[in-house]
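**Student:** here's a sequence, model it:
(chains A and B)
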There are 2 protein chains.
Amino acid sequence: MTRLHAQTPVAPGDTIGILGSGQLGRMLALAAARLGVKVHVFCPESGPAFDVATTRTRAAYEDDAALAKFAASVKLVTYEFENVPSHTAEFLAARLPVHPNPGALATSQDRFVEKSFLNGLGVATAPFEPIDNVAALARAVTKLGRPSILKTRRFGYDGKGQAMIRRGDDPAAVYRLIGSAPAILEGFVPFAKEVSVVAARGADGSFAAYDVNENVHENHILSVTTAPAGILPATAAAAVEMTAKILDALDYVGVIAVEMFVVGRGVTEKLIVNEIAPRVHNSGHWTLDGSVTSQFEQHIRAICGFPLGSTRRYGKVEMRNLIGDEVLAWRELLREPGACVHLYGKHEARPGRKMGHVTRIVEG
Amino acid sequence: MTRLHAQTPVAPGDTIGILGSGQLGRMLALAAARLGVKVHVFCPESGPAFDVATTRTRAAYEDDAALAKFAASVKLVTYEFENVPSHTAEFLAARLPVHPNPGALATSQDRFVEKSFLNGLGVATAPFEPIDNVAALARAVTKLGRPSILKTRRFGYDGKGQAMIRRGDDPAAVYRLIGSAPAILEGFVPFAKEVSVVAARGADGSFAAYDVNENVHENHILSVTTAPAGILPATAAAAVEMTAKILDALDYVGVIAVEMFVVGRGVTEKLIVNEIAPRVHNSGHWTLDGSVTSQFEQHIRAICGFPLGSTRRYGKVEMRNLIGDEVLAWRELLREPGACVHLYGKHEARPGRKMGHVTRIVEG
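**Tutor:** Residues are numbered from 1 along each chain as shown, chains lettered A, B, ... in the order given. The predicted model follows:
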């Protein structure tokens, strides 16, 4: 009888921890299973990831006793969302590896810190100003002009915690709208396209990126991703290079998504980074069917210290989210030859809720 | 809020039952998860399928109280192995749908019944004689000649419960070797190749087959499958047609594997059915990476009353089992570009134990 352990932090048969029980945690758990790695999901609410986890803990992120027990049961911890409380990340990181590291998490949690970090690396962002009060906002609106966008520094996602300041709007009223929380004001970027890079970095510094995604949002929620993005090869190469630079600077281990705006068209194309997500990302879901290694498997490989996998794309791919009632077409989608349907097992199709996605490989 | 139920026996969000907790049950559970279907695994021993099941019951197949509770918790039951005790299958079938049906299961469990059924359909098998005692064996050896193969009627797999009778062997001694159990004697078939058809039938009679597999066994255990098989198109078409006939005759719902010998070469090629496996099959593992719909998803679709998926193959594929210590190469395999590695999460690499598999898509 031979055990599988080698000189890696994790070997097949071991258990890793995941914070969060949504569909991203679920697909991470399924990818871990493919590699023989067991998963312990920790979340205050039960959700799709609980259904496929070997072990589940339902407890608050502030419950230190539960966190200590969780930490003792796993080889390392990762997470499916960037709003992991910093206390939770630090409590766990004092006990075992947390990937991506709490510093990367903290950077991505605060829009001001994030954009300052990016500019410090020489990566372009929209112009921005920190806002702590109405007076600062008035000065920033004068400086950045209208329209501009007011965003809370923390806890924004899917368009929540942000509002436009247009001609005629009262900035103070818009500030109250986002709860008068610490914020940034961003200059408006008239972008031609939204793209994203999903890439991974291993602890040994190895790097692997998927081809750049082109994303279309509806009501601030991702609707369709196509890969490869319809941008110049030089622009795509610059997007990947920028992502590698960000990963190195963060000493990052795992999969990251970097969301960017493409400004201008043709030879005037340039890139502005919008935000980074320190996790697997909706715009990378097509890799489950359209690539040799899915983003979920890639993340598991990276955090476990396994070699990164091939990111070769099988064809031109299109991934469409099934939001709310769109999932009711599941039976027709299953009938469509070549449609790869993924359903997250959520019972209730609430408006705006991500219920599943479907990937089509359009041409070889 | 909208629920997902339609006029199907099962809808995404529902729970189905699986008997058996091996790697086949595990890959069925992972496929069910992809479609949003939850899984309750019932097995006397914990195993790889338990790791990814939403619910687990560890109880004997003869434990009626546990079976009744299991039946009450799921919409239907399927199984990962053909040696489900007939009492268990019938107990469950009296309460809810069991797919494939207990009749198909019973047919495949007894080599004499199975081969008689196939011959009754006009499907060729090796010549065979039922054996209940030494006198019958002596007569059969005279009739079928040497070498011939003595096989127990029930509970044989991976070469267990069978023995050759060669020139000079004492048939009575060989009969004792297989435990003097009810058996059949099979005439020896000098085959050129072993192939298998993995196919599915829906409750509505719909049918979908994958391209024919070519299989190489080592020590009676599947070692390598390549698809498509190197046989004449007409032979491949006949293999698929034969499989459809078998499925219809059994009123079968789910995925089946039909193992065949190819006798002769070139224009003299003909097919002899060796046995049927009323379940997903090792020779179909390549479909996880090499086809639009995996055999596991196809089985879930069939038993849940969902439309069957496309069986389109992405390229020439090769699937290699990782048996026993072969799995120790897992890290090198993960490093190989384009190798799709699957590990079953078993801790101990015992000799002969199926620990994982690796699929390579050889050409487009």
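
**Student:** if I look at the closest residue to A:Val197 other than its chain neighbours, how far off is B:Ala209?
**Tutor:** In space, A:Val197 comes closest to A:Thr243 once its chain neighbours are excluded; the distance is 4.3 Å by C-beta to C-beta, 6 or more residues apart in numbering or on different chains. C-betas here are computed from N, CA, C, even on glycine. A:Thr243 sits 43 Å away from B:Ala209, taking C-beta to C-beta, to the nearest Å as the criterion.

**Student:** repeat for A:Lys143
**Tutor:** Applying C-beta to C-beta to A:Lys143 and B:Ala209 gives a distance of 67 Å.

**Student:** re earlier: name the element the residue nearest to A:Val197 belongs to?
**Tutor:** If you go by DSSP states H and E, A:Thr243 is part of helix A:233-250.

**Student:** now do the buried residues in that helix.
**Tutor:** Neighbour counts using 16 or more other C-beta atoms under 10 Å in any protein chain shown place A:Thr235, A:Ala236, A:Ala238, A:Ala239, A:Val240, A:Met242, A:Thr243, A:Ala244, A:Ile246, A:Leu247, A:Leu250 of helix A:233-250 among the buried residues.

**Student:** what's the answer for stretch A:335-346, then?
**Tutor:** Quick answer for stretch A:335-346 (16+ other C-beta under 10 Å): A:Ala339, A:Cys340, A:Val341, A:His342, A:Leu343, A:Tyr344, A:Gly345, A:Lys346.

**Student:** now stretch A:163-179
**Tutor:** Those would be A:Ala163, A:Ile165, A:Asp169, A:Pro171, A:Val174, A:Tyr175, A:Ile178, for stretch A:163-179 by 16+ other C-beta under 10 Å.

**Student:** now stretch A:42-53
**Tutor:** Applying 16+ other C-beta under 10 Å to stretch A:42-53 flags A:Phe42, A:Cys43, A:Pro44, A:Gly47, A:Pro48, A:Ala49, A:Phe50, A:Asp51, A:Val52, A:Ala53 as buried.

**Student:** related to what we said a few turns ago, helix or strand next in line after the helix holding A:Thr243, which one?
**Tutor:** Following helix A:233-250 in sequence, per DSSP H and E, is strand A:254-263.

**Student:** list the neighbouring strands of that next one plus their orientation.
**Tutor:** Partners of strand A:254-263 in the sheet, by DSSP bridges, are strand A:193-201 (antiparallel), strand A:270-277 (antiparallel).

**Student:** can I get that strand in CSV? Just the C-alpha atoms.
**Tutor:** Output in CSV follows, covering the C-alpha atoms of strand A:254-263 (Å, rounded to 0.1, in the frame of the first residue of the first chain):
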residue,chain,number,x,y,z
GLY,A,254,-4.3,31.1,-7.5
VAL,A,255,-6.6,32.4,-10.2
ILE,A,256,-7.3,36.1,-10.6
ALA,A,257,-9.5,38.1,-12.9
VAL,A,258,-8.6,41.5,-14.1
GLU,A,259,-11.4,43.6,-15.5
MET,A,260,-10.4,46.2,-18.1
PHE,A,261,-12.0,48.8,-20.4
VAL,A,262,-10.8,49.0,-24.0
VAL,A,263,-10.7,52.7,-24.9
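
**Student:** and the direction of it versus that of helix A:233-250, what angle?
**Tutor:** Strand A:254-263 runs at 140 degrees relative to helix A:233-250, counting by axes from the mean of the first three to the mean of the last three C-alpha atoms, to 10 degrees.

**Student:** before we move on, the earlier item: ok, so of the buried residues of stretch A:335-346, who is nearest chain B?
**Tutor:** Nearest to chain B, judged by C-beta to the nearest C-beta, of these is A:Leu343 at 3.0 Å.

**Student:** tell me how many other residues crowd the nearest residue in space to the closest one that is not next to it in sequence.
**Tutor:** What sits nearest to A:Leu343 in space, not counting adjacent residues and going by C-beta to C-beta, 6+ apart, is B:Gly36, at 3.0 Å. Other residues near B:Gly36 come to 25 when the count uses other C-beta atoms under 10 Å in any protein chain shown.

**Student:** what sits against the nearest residue to A:Val317 once chain neighbours are set aside?
**Tutor:** Spatially, and ignoring its direct neighbours in sequence, A:Val317 is nearest to A:Gly290 (3.8 Å; C-beta to C-beta, 6+ apart). By C-beta atoms under 8 Å, 6 or more residues apart in numbering or on different chains, the contact list for A:Gly290 reads A:Ala227, A:Arg313, A:Tyr314, A:Gly315, A:Val317, A:Thr359, A:Ile361.
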